[in-house]
Structure formats: C-alpha cells, structure tokens
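A.B. asks: Kindly return the folded structure for what I paste below:
(4 chains)
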There are 2 protein chains.
Amino acid sequence: MNDSPRRKELTRQAAQLFVQEGFDRTTVRMLAQEMGIKSGSLFHHFRDKQEILAAVIEEGTENALGIARAALDDCDSDPASRLHAMARAHLETLLTDRNAHVVALYEWRRLDAPARAHLSHLRDAYEALWEEVIDDALAAGLIRGDRFLVSRFVMGALNWTVRWYDPDGERTPDELAGELVAMLTHPAG
Amino acid sequence: MNDSPRRKELTRQAAQLFVQEGFDRTTVRMLAQEMGIKSGSLFHHFRDKQEILAAVIEEGTENALGIARAALDDCDSDPASRLHAMARAHLETLLTDRNAHVVALYEWRRLDAPARAHLSHLRDAYEALWEEVIDDALAAGLIRGDRFLVSRFVMGALNWTVRWYDPDGERTPDELAGELVAMLTHPAG
DNA sequence: GTCTATACGCGGATAGAC
DNA sequence: GTCTATCCGCGTATAGAC
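C.D. replies: Predicted coordinates for the structure are as follows:
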C-alpha cells in the first residue's frame, strides 16, 4: 500500500502480537485494539490480514540484515570475530528486540505465494551473509564441516533459542553467541 | 478418553494434517475427511480438538523416547557412538516418520495448561536422555561447552532441519547426524 | 460408531457517515 | 483517518436417529 510512518508503527505493534499469539490466533480485532483503533479502520492501512504479515516480515528481515551488516563492519576482520558478531547480531534481533525477526522466521509459511516470491530475495540476502561468514570460518580452519549444512545447523541452533531463552535469566545474547562459537571452534585448529 | 486401536489410528492421521497445515489451520472437518468419517463422529473419539492435539503429542513423544532408548541400547558405548545414535534417532523420528514428533515440538504452545502439565514429564524424560548423552560427550572431552547450552543448541540445530530438509534430496538422516557430530567434535580432543 | 441436521459465536472484510 | 454498523461464511461443538 505505502510505507508511511503511521503504517510502520502499526506494523511494529502487529509484530508483537504475532509473536505472542501466533499469526493464526491473532484476530484483526486484537490487532486493532493493540493499535488503539477499531477493526474497520485497520483496512485503511492494509488491504487484508495477509498484508500485515508481509509488512512485518519485510520489516523484520530488513532490520536483521541492517544490524548484521553493521555488526560485521564494526568488528575485527578475523573469522572468529566475524562469526561471533554475526551470531550476536542474530540473537539480539531475536531475543532483545523480540518481534519482527521472530515473525519472519516462525511465520514464513503463512505467507501467500505472491508475498513469498516478493520477500524471498530479502531472506536469501540475509542467509547469504551467513554463508559468507561460515565460509570464511571454514577456510580458516576455525570450524569444519559442509558449507551448507553448517550454515543450517548454526542458524537452527540460534533460531531455536526463541523457544527456551529467558530474557530475565542470567545470560545475555552476547554470552550465548560466545558459547556457540566456543562449542563450534576447535582449539587445535 | 481411552486408547483403543481405532483412536490410535485416528491420532496418526491427525498428526499428518497437523504437520502439513499447522494445528490452528486444521479444521475438524478436514480431520474428519482425512479419517473417512463425518465431523460429528469425531467427537465420539475425542472430547474436543484440544484432546486430539494432546493425543498426537503424547504419541509423538513416547515414540521418540522409545526409539532413542532402543538406539542407545543398540550402539557402542563410547560417547561418540552414543551421540551419533541419539542424533540419528532424533532425525529419523522427525524427518522419516514425519508426523507426531514434529507436532510435539512445533505445536507444544497450543496445548492448554492441563494437557501441558500432564505431558511435560514425558518431554522432560526425553530431554533428560539428551542431556545424559551430552554429559558423557563433555566428560570425555569429545565436545566442549556448557551442559545446558550445548543441549539446547544441538536440539535446536536438529529440530530446525524440519524447515529445510528435502526428503527427496541426497542426504539421509544418518548422514546428517554424522555431519552434526563431525561439526561438534574436536579432532584434537 | 457413524450419520444428519443444526446451533451459534467469531473472524475477515465492506460500506458509508463524519 | 477513524467510526459505526453490518454481512456472511466458517469453525467448533451438540442432539438425537440409526
């Protein structure tokens, strides 16, 4: 439809509900209430419920991509630092920010075909960033295994944290990233 | 309600639909059609839709637990073999069997409080088995890291395979398990 | 154990006034 | 840009016959 600041704000509020309840269980009435408007008004901003989901996922992936790129630019250029930075960025968008990126990962299947086609290049760009970092770590002998599989396993380990991580617990996303890298790293390498 | 063979069979069919569509999007009419009966008849076997989910998750976790125990009994007693056997068993119940165990992992949140209370001991037993195997591998110096976190990361890596694994592709669950163990294992250890 | 028929509330979405 | 009012189909569940 457009990308007014108003719509951006509504998208953020939708993301929160989608994480809490799941897309299917979130009703347009719930969304409207969270946004402080009536359900009829919602359709002035979004064509239908599907479009809200697409907006959230686009926002979440773009955000994750931007944060990951910034983290890689900021850190040292050795493979270990880059791997740690990437993992930390990923976990922060999932666990601290706790909204749009989670939706992007967990509700992707709920997108209809056109939205999926439109957004898959974004998702691919984010995953390509990951594969780059993994590749460097493999080439340096920091970790070992198959390029494709290591990427999937690492992303899986990180994505699943959403299910068990306690934000009020002792560990920060940064510490988690450190533990993951330590687990994967071969001291002898 | 009970656990007649009839009900077991219906539960298996429900599992398949829950994986394909997700619990929320699966209607009782769809379930009935898959089972070859009318929707009204469904409620002779299950009190409500929630009870179907609980039955599927119970079945899926019990099955995974049984297969994992059998795999551990059958394999060599060194930590590497045990880790591999556990990973392979886990992946087989997720990727080959492709039903009830997936539901147990991905639809757990949809259980109501009483069902969750009733089933959590089962889930805990399965996770305890994992922690045992991880503990042994840590003690042997095969892998390294924090007991709790390694377990979560490993299970996350495996659970996420459901999202990208192609059953018609080249790799078997056994090969995947091997790759995971290789990734985690320190040759120098 | 399965059927038909049906109740009934809820969810997505629209129309048109302000 | 938001409201009120409303449509209508669908989803869960029940009743009672066979």
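
A.B. asks: Please report the number of neighbouring residues for A:Arg98.
C.D. replies: If you count neighbours by other C-beta atoms under 10 Å in any protein chain shown, A:Arg98 ends up with 17. All C-beta spots, glycine's among them, are computed from the backbone N, C-alpha and C.

A.B. asks: ditto for the one 5 residues further on
C.D. replies: In terms of burial, A:Val103 registers 24 neighbours under the definition other C-beta under 10 Å.

A.B. asks: surely it meets A:Val56?
C.D. replies: Yes: the pair A:Val103 / A:Val56 is scored as a contact, 4.9 Å apart, by C-beta atoms under 8 Å.

A.B. asks: Take stretch A:73-80, keep the C-alpha atoms, and write them as CSV.
C.D. replies: Listed next in CSV are the C-alpha coordinates belonging to stretch A:73-80 (Å, rounded to 0.1, in the frame of the first residue of the first chain):
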residue,chain,number,x,y,z
ASP,A,73,31.5,-3.6,9.6
ASP,A,74,32.3,-2.8,13.2
CYS,A,75,34.2,-5.9,14.3
ASP,A,76,37.7,-7.2,13.7
SER,A,77,38.2,-8.9,10.4
ASP,A,78,39.4,-12.3,11.7
PRO,A,79,36.9,-15.2,11.1
ALA,A,80,36.3,-15.8,14.8
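
A.B. asks: Tell me if that stretch is near chain B.
C.D. replies: No: applying C-beta under 8 Å from any C-beta of the partner chain, one finds stretch A:73-80 separated from chain B by no less than 15.2 Å.

A.B. asks: Give me the contacts around that stretch.
C.D. replies: When contacts are defined by C-beta atoms under 8 Å, 6 or more residues apart in numbering or on different chains, stretch A:73-80 is touched by residues A:81-82, A:84-85, A:133, A:136-137, A:139-140, A:142, A:181, A:185.

A.B. asks: for chain A, which spans come out with low pLDDT?
C.D. replies: Scanning chain A for pLDDT under 70 picks out A:1, A:187-189.

A.B. asks: 90 - rerun?
C.D. replies: Judged by pLDDT under 90, chain A has its weakly predicted residues at A:1-4, A:97-98, A:186-189.

A.B. asks: Closest to the mean position in it, which residue would that be?
C.D. replies: Nearest to the mean C-alpha position of chain A, counting by C-alpha atoms, centre = their mean, stands A:His101 at 3.1 Å.

A.B. asks: Next one: the residue in chain A that DNA strand D sits nearest to relative to DNA strand C, how far apart?
C.D. replies: Closest approach of chain A to DNA strand D (C-beta to the nearest atom of the strand) occurs at A:Gly40, with a separation of 2.4 Å. Distance, A:Gly40 to DNA strand C, using C-beta to the nearest atom of the strand, to the nearest Å: 3 Å.

A.B. asks: That residue - how many residues pack around it?
C.D. replies: By other C-beta under 10 Å, the residues close to A:Gly40 number 9.

A.B. asks: Which strand or helix spans it?
C.D. replies: Element membership of A:Gly40, judged by DSSP states H and E, is helix A:39-45.

A.B. asks: Next, the buried residues of that helix.
C.D. replies: Under the neighbour-count criterion of 16 or more other C-beta atoms under 10 Å in any protein chain shown, helix A:39-45 has A:42, A:45 buried.

A.B. asks: Next: stretch A:7-21.
C.D. replies: Residues A:7, A:10-12, A:14-19 are the ones in stretch A:7-21 that count as buried (16+ other C-beta under 10 Å).

A.B. asks: Put together CSV for these, with distance to A:Trp164 and secondary structure on each row.
C.D. replies: Formatted as CSV, these follow (distance: C-beta to C-beta, whole Å; DSSP: H, G, I helix; E, B strand; the rest coil):
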residue, distance to A:Trp164, secondary structure
A:Arg7, 33, helix
A:Leu10, 30, helix
A:Thr11, 27, helix
A:Arg12, 25, helix
A:Ala14, 25, helix
A:Ala15, 21, helix
A:Gln16, 20, helix
A:Leu17, 21, helix
A:Phe18, 20, helix
A:Val19, 15, helix
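
A.B. asks: okay, those in a markdown table with distance to DNA strand D next?
C.D. replies: Below are the buried residues of stretch A:7-21 laid out as a markdown table (distance: C-beta to the nearest atom of the strand, whole Å):
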| residue | distance to DNA strand D |
| --- | --- |
| A:Arg7 | 8 |
| A:Leu10 | 8 |
| A:Thr11 | 13 |
| A:Arg12 | 15 |
| A:Ala14 | 13 |
| A:Ala15 | 18 |
| A:Gln16 | 18 |
| A:Leu17 | 17 |
| A:Phe18 | 19 |
| A:Val19 | 22 |
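
A.B. asks: Dump those into a markdown table; add distance to chain B as well.
C.D. replies: Shown next, in a markdown table, are the buried residues of stretch A:7-21 (distance: C-beta to the nearest C-beta, whole Å):
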| residue | distance to chain B |
| --- | --- |
| A:Arg7 | 26 |
| A:Leu10 | 23 |
| A:Thr11 | 22 |
| A:Arg12 | 22 |
| A:Ala14 | 17 |
| A:Ala15 | 17 |
| A:Gln16 | 16 |
| A:Leu17 | 14 |
| A:Phe18 | 13 |
| A:Val19 | 11 |
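
A.B. asks: Closest one of those to A:Gly60?
C.D. replies: Of all the buried residues of stretch A:7-21, A:Ala15 has the smallest distance to A:Gly60: 6.8 Å, by C-beta to C-beta.

A.B. asks: For the closest one, give me its contacts.
C.D. replies: The contact partners of A:Ala15, by C-beta under 8 Å, 6+ apart, come to A:56, A:59-60, A:99-100, A:102-103.

A.B. asks: and what of A:Leu10?
C.D. replies: Contacts here follow C-beta under 8 Å, 6+ apart; on that basis A:Leu10 touches A:35, A:42, A:45-46.

A.B. asks: Would you quantify the distance from it to A:Thr61?
C.D. replies: 18 Å (C-beta to C-beta, to the nearest Å).
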